[in-house]
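Asks: The following block contains a protein sequence and its predicted model.
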Amino acid sequence: MNYFEFYGLPLSFVLDAADLRKRYYQISRETHPDFHTQATVAQQAEMLDRSAHNNAAYNTLNDPDARMRYVLTLKGLIGDEQNLPVLPQVFLMEMMEINEALMELEFDPSGYSKVLEQLESLEKALNQAVTEDVEHWTDGPGQEERLMRIREFYLKKRYLLRIRENLSKFASP
């Protein structure tokens, strides 16, 4: 049973955090091992498994990035790291320019602010471009194009995250 089904929620990129927390705590109370000390060993094991599933489900669905990855994985759009779709050439050229600027920071750290500004500008534009798709996607017919844009966003975001990590290694303000 996937995490959305587990909580009785529709498959979505956007969730009500308070509602999710409420469902999590309700299942936590039902499955907590302390409430099943008189149960059979099999029942205790089942409650322990259900409790662990509840924790994993909550941790995944509560984090927007993990939730996005989970939905895209459920839809079969990501998963096999070897067969990820190729990102648009324009984006890859921008990333190549930023990576070159990162390498230059090794010799001249004064450009740190400029590279950080460029990265933040790209992240902001990327987030703005996908907001409507993320908020209005539903799991149903006619949503394939929107889902493909969300997948592309996710892959680009991962790429930018790696660049941000590299930036922190090269220099700091």
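Replies: Nice, thanks for sending it over.
Asks: Could you measure from residue 95 over to residue 79?
Replies: Applying C-beta to C-beta, to the nearest Å, the value for residue 95 to residue 79 is 23 Å. C-beta coordinates here come from the backbone N, C-alpha and C atoms, glycine included.
Asks: the more surrounded of these two?
Replies: Shown here are residue 95 and residue 79; by other C-beta atoms under 10 Å, residue 95 has more neighbours (17 against 12).
Asks: What sits closest to the more buried one if chain neighbours are left out?
Replies: Using C-beta to C-beta, 6 or more residues apart in numbering and skipping the chain neighbours, the partner closest in space to residue 95 is residue 159 (6.1 Å).
Asks: do the same with residue 67
Replies: Distance criterion C-beta to C-beta, 6+ apart; nearest residue to residue 67, sequence neighbours excluded, is residue 61 at 5.2 Å.
Asks: any idea which element the spatially most central residue of the chain lies in?
Replies: Central residue of the chain (C-alpha atoms, centre = their mean): residue 65, 1.9 Å from the mean position. For residue 65, the element it lies in under DSSP states H and E is helix 64-74.
Asks: So for residue 107, what's the pLDDT?
Replies: Note on residue 107: pLDDT of 86.
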